[in-house]
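**Student:** what follows is a predicted protein model with its sequence.
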Amino acid sequence: MKHILVFLFLFVVLCTQEVSEIIVTGNKITKVHVIRREIQHPVNVNIDSSLAQEDRDRIENLGIYSIVEWQAVPLENGTVRLKYNVIESSRIFPALFPQYEEETGWSFLFGLIVQNFRGQNETLALGALVGGIDAYGVNFNNPWIFGDHVSISLNTGKNIIDHVFLPYEEQTSSFGINMGRYFGYERRVNVGIEFQRKNYVDDNTTVEFEYFAPQTNLTYDTRDIYTDPSKGVYINHYLQFYSFLNRDGQSTVWEQSYSGYVSPLKGKRKTTIGFNFTLNSTHGDLHRELLYRGLGGAYSIRGWKVGTREIFESGEQSYRFGFFQFISSFELRQTLIPRFSVKKKTPFGVMKTEFGLQAVLFVDTGTAGGDWNDLIEEIPMLGAGIGIRIPAALIGNLRFDYGWSFYEGKAVESAFHFAVGQKF
């Protein structure tokens with residue numbers, strides 16, 4: 001009882017003390033103003049632990065730190081110093097390793113990724129892929145080029161792949177520019193334009209599309225931690241308008257995503273329940289080669305393998321393909337090993353990253369078709385299974401899932417999925 005009273009006394013005293021200064025420690029590369037602009041707790045007011053925690057979450061969401069902590073340090077004059085301490089992740093990644101995607105298989109990536117470029121939380125990436133994807137490109141992103149959260153990204157490059165389920169080699173050259181603006185910390189608007197030349201090549205013919213594609217992205221986001229949310233919602237609407245330059249017609253792609261998260265058991269070994277609903281639709285002039293979609297895979301309905309050319313041409317699973325898609329996902333996530341920072345010597349120097357472990361149970365379902373009515377009338381595809389998540393620097397999480405698929409009450413197949421990042 002005595003210990004409890006002492007704790008309550010210290011807690012009350014600390015929470016009624018005034019914050020006289022705010023400092024940032026641990027940053028060796030990051031400019032101080034990059035961190036300070038995420039801190040909203042004012043000085044000369046009593047410390048508010050909820051505001052300090054929200055600041056900590058915003059700093060972590062920059063994606064350039066292994067660990068972020070805050071602490072209230074009592075001073076001799078009776079006030080407190082609010083301190084935010086960060087441990088930076090490795091920022092320069094020589095890209096020289098194999099890469100795997102379900103749709104294209106193995107490729108070999110070489111190039112360079114510089115995270116937190118110039119200490120300004122910018123990202124510069126340049127490189128090439130050889131294998132399942134033959135590609136080269138350059139990407140630059142500045143999340144705060146001027147003003148309050150005004151961002152810009154530039155990308156240009158070319159890639160060549162075999163289409164997942166259509167009998168073509170797909171060759172795409174592109175250039176794009178995108179600008180974004182936060183309104184507070186919950187609402188974000190991005191607008192941009194992209195120019196592309198896309199060729200579909202087989203043994204005898206080439207189908208070519210050239211188009212300008214204005215696009216906009218509207219987001220409402222109240223998640224606490226982006227890579228592993230404990231609470232909040234995430235709503236995203238993406239619209240892209242295709243204005244074809246070498247043929248008549250126009251098309252619009254509309255992608256909608258709605259996610260929610262809650263943690264009934266909190267703490268470092270938290271339990272989180274998450275759900276997501278996604279709608280993808282194409283309107284206007286439908287060019288099958290450009291805008292046709294298929295269900296199955298790590299980012300779609302798990303437990304179903306990616307729809308291949310053989311599956312598509314056989315017509316036996318035609319319910320998997322269409323211009324419209326509905327996908328829903330449910331996950332139960334359990335943290336087994338809380339995330340912690342790791343340092344390891346490599347030929348390129350000391351590599352700083354994170355480690356941890358999370359177990360997941362998931363259920364996915366969805367339909368595809370040629371219009372909205374097909375989504376309602378079609379019998380849903382179902383997938384269920386288990387997985388693990390391992391935190392990793394730069395990419396957020398390594399995801400390993402194994403699932404079983406069902407259709408019309410019958411088992412169809414099982415599949416292992418390896419991917420980067422949470423499904424939602």
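**Tutor:** Yep, it's here. Numbers count the residues shown, from 1 in each chain.
**Student:** show me which residues of stretch 125-139 are buried.
**Tutor:** For stretch 125-139, burial by neighbour count (16 or more other Cβ atoms under 10 Å) applies to 125, 127, 128, 129, 132, 133, 134, 135, 137, 139. Any C-beta I mention is one placed from the backbone N, CA and C, and that applies to glycine too.
**Student:** quick one: distance of it to the chain centre.
**Tutor:** Offset of stretch 125-139 from its chain centre (Cα atoms, centre = their mean, to the nearest Å): 20 Å.
**Student:** stretch 397-415 now?
**Tutor:** Worked out by Cα atoms, centre = their mean, stretch 397-415 lies 22 Å from the chain centre.
**Student:** now the lengthiest strand in the chain: buried residues?
**Tutor:** Identified as the longest strand of the chain according to DSSP state E is strand 324-346. For strand 324-346, the neighbour count (16+ other Cβ under 10 Å) marks 324, 325, 326, 327, 328, 329, 331, 333, 335, 339, 341 as buried.
**Student:** and stretch 115-124, by the same measure?
**Tutor:** 115, 116, 117, 119, 120, 121, 122, 123, 124.
**Student:** save those residues as a markdown table, and put in secondary structure, distance to residue 150 and pLDDT too.
**Tutor:** Converted to a markdown table, the buried residues of stretch 115-124 look like this (DSSP: H, G, I helix; E, B strand; the rest coil; distance: Cβ to Cβ, whole Å; pLDDT from 0 to 100):
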| residue | secondary structure | distance to residue 150 | pLDDT |
| --- | --- | --- | --- |
| 115 | strand | 20 | 88 |
| 116 | strand | 19 | 92 |
| 117 | strand | 17 | 92 |
| 119 | coil | 19 | 92 |
| 120 | coil | 13 | 91 |
| 121 | coil | 13 | 93 |
| 122 | strand | 13 | 94 |
| 123 | strand | 16 | 94 |
| 124 | strand | 19 | 95 |
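**Student:** residue 236: which of the residues you listed is nearest?
**Tutor:** Nearest to residue 236 out of the buried residues of stretch 115-124 is residue 123 (Cβ to Cβ; 20.2 Å).
**Student:** what about the closest residue to the closest one other than its chain neighbours, neighbour count?
**Tutor:** Excluding the flanking residues, the one nearest residue 123 by Cβ to Cβ, 6 or more residues apart in numbering is residue 141, at 4.6 Å. Applying other Cβ atoms under 10 Å, we find 18 residues neighbouring residue 141.
**Student:** for residue 141, give its distance to residue 152.
**Tutor:** Here the criterion is Cβ to Cβ, to the nearest Å. By it, residue 141 lies 8 Å from residue 152.
**Student:** same deal with residue 143?
**Tutor:** 9 Å.
**Student:** and for residue 203?
**Tutor:** Going from residue 203 to residue 152 by Cβ to Cβ gives 42 Å.
**Student:** more neighbours: the two, which one.
**Tutor:** Remark: of residue 203 and residue 152, residue 152 carries more neighbours, 17 against 6, as counted by other Cβ under 10 Å.
**Student:** please look at residue 234 and residue 225 and confirm they touch.
**Tutor:** No. Counting by Cβ atoms under 8 Å, residue 234 sits too far from residue 225 to count as a contact (11.7 Å).
**Student:** tell me how many other residues surround residue 77.
**Tutor:** For residue 77, the neighbour count with other Cβ under 10 Å is 8.
**Student:** for it, helix, strand, or coil?
**Tutor:** Classification of residue 77 using DSSP: H, G, I helix; E, B strand; the rest coil returns coil.
**Student:** isn't it right up against residue 20?
**Tutor:** Yes. Between residue 77 and residue 20 there is a contact under Cβ under 8 Å: 7.2 Å.
**Student:** low pLDDT regions in the protein?
**Tutor:** Applying pLDDT under 70 to the chain flags the ranges 1-16, 344-353, 394.
**Student:** got the domain ranges for it?
**Tutor:** 2-88, 92-420 (automatic domain parsing).
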